[in-house]
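**Student:** Have a look; sequence and predicted model below, questions after that.
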Amino acid sequence: MGRRTAASGEVTILGAGIVGVCCALSLQEKGYAVTLIDRQPPGEAASYGNAGVISPWSCVPQCMPGTARQIPGWLLSADGPVSIRWRDLLTTIPWALRFLANTRASKVEEISRAMAGLVHDNVDIYRRFLNGTGHENLLRDSWYVNVFCGKANPALSDLAWKLRTEKGAPVEIVKGGQIRDIEPAISEDYHTAVIIKDQARAAAPGRLCKVLADKARAQGARFVQAEVRGIEKAPEGGFVLVTPEDRLPAPRLVLAAGIWSADLLKSLGVKLPLISERGYHLEFSDPGVSLNHSVADVQGRFVVSSMEGGLRSAGTAEFAHHSAPPRYQRADMLGPQTRRLLPALNIEPNERWMGVRPSFPDNLPAIGELRGHAGLFAAFGHSHYGLGMAPVTGRLIAGMIDGSSSNAETSAYAPDRFG
């Protein structure tokens, strides 16, 4: 592979999660020399703990019509899917008002089209990235089994399913025993499932990121483990990354540091409505049951997948500052909820985890060059969809840097869209 080595062909990526690593691989495909900087090894933060779903059909935002009516019930329930750390309310309320303004059906359809643009090739790109690593089995063909109980009776004419089917998603409804034919472990209390086919899942999302980081390193990428505390403009152009020990030059910089990206941009006078939406998982190391596909309890708003380390149940949204101590009861509540879905599940032993989703109020990330800061590119804010959106994000960033991406492709994700 021909690789540029002149300063004009060097790119620094701040953040070695799945988004940063995919940016690195895409830039390498175009011949750029890449340096990745992170305070942790690759794949240790939000990239580690998700449910592993990689779907070309993840085009349904969280800001759906009717959300405002559901929020009070979620917040009043001790084991509801949403919680707020009340001392962060002054930060949460302005963000929530913007979020609710995006729940109009016309706005939702616009956001859905933009989301589709970030996921449609994700499985194919991951397979290309994994090719030759010896770990191709980390990506497995999978369906998404969305299950319902009680009075819920989904129809494919419902907006959430219509948004997918209009974009070509192969979707069907199955009932009763057909659900158990697909996933024998699911409780008979679940009477209906909506199946989304032609997608994939990661058997170990954190290891997937590490394997791809190793590939980037083998192709010449340099990794620097350092805590960046500030970004400054360099007098000669480009940027300087300030760490406790050093000042690191970055002629061209991709900011893929998740929730910490907004804090770092404040030193440049850039303020963005990025909020910390923390998620939890509970992983059962001796579950006694396994799943063939990823299963979502739609009403409970959690997702369960078989992983290399056991069975992982992931979900919940907790609006709290990213530095606040974890509230692991948010993870613990997934135990009984998951056993209602899978009655034969062994809840013990288990491992709890908390990670931070960086979320904008329109559920779309910031991807693109920041106005007034030539050479600084945003690649953060992927909310619940980072694993699925990372490959196309990397391709778009590489295209922006070499000039091959069009404005039409990227305008919906512009960092300055918030005014």
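**Tutor:** Looks like it came in fine.

**Student:** got the CA coordinates for the strand ranked longest in the chain in CSV?
**Tutor:** Identified as the longest strand of the chain according to DSSP state E is strand 190-202. What follows is strand 190-202, C-alpha atoms only, in CSV (Å, rounded to 0.1, in the frame of the first residue of the first chain):
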residue,chain,number,x,y,z
TYR,A,190,-43.8,-12.8,24.3
HIS,A,191,-46.5,-13.3,21.6
THR,A,192,-45.1,-11.3,18.6
ALA,A,193,-41.8,-10.5,17.1
VAL,A,194,-40.7,-8.2,14.3
ILE,A,195,-37.7,-9.8,12.6
ILE,A,196,-35.1,-7.6,10.7
LYS,A,197,-32.8,-9.7,8.5
ASP,A,198,-29.6,-9.2,6.6
GLN,A,199,-27.5,-7.6,9.3
ALA,A,200,-24.7,-8.7,11.7
ARG,A,201,-23.4,-8.6,15.2
ALA,A,202,-20.1,-8.4,16.9
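
**Student:** What pairs with it, parallel or antiparallel?
**Tutor:** strand 53-54 (antiparallel), strand 139-149 (antiparallel), strand 171-175 (antiparallel) (DSSP bridges).

**Student:** Only C-alpha atoms, please: export whichever strand or helix holds E283 in CSV.
**Tutor:** Taking DSSP states H and E as the criterion, E283 maps to strand 275-284. The C-alpha coordinates for strand 275-284 follow below in CSV (Å, rounded to 0.1, in the frame of the first residue of the first chain):
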residue,chain,number,x,y,z
ILE,A,275,-24.8,15.6,26.4
SER,A,276,-23.7,12.5,28.3
GLU,A,277,-26.3,9.7,27.9
ARG,A,278,-24.8,6.9,30.0
GLY,A,279,-25.7,3.3,29.3
TYR,A,280,-25.2,0.1,31.3
HIS,A,281,-24.8,-3.6,30.6
LEU,A,282,-24.9,-6.8,32.6
GLU,A,283,-23.0,-9.7,31.2
PHE,A,284,-23.8,-13.2,32.5
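
**Student:** and the helix or strand just after that strand, which strands flank it?
**Tutor:** Next helix or strand after strand 275-284 toward the C-terminus (DSSP H and E): strand 294-297. Strand 294-297 has the following strand partners under DSSP bridges: strand 139-149 (parallel), strand 302-307 (antiparallel).

**Student:** out of these, deepest packed?
**Tutor:** Stretch with highest mean neighbour count among the strands paired with strand 294-297: strand 302-307 (a mean of 26; mean count of other Cβ atoms under 10 Å). All C-beta atoms are positioned from the backbone trio N, CA, C, and that covers glycine.
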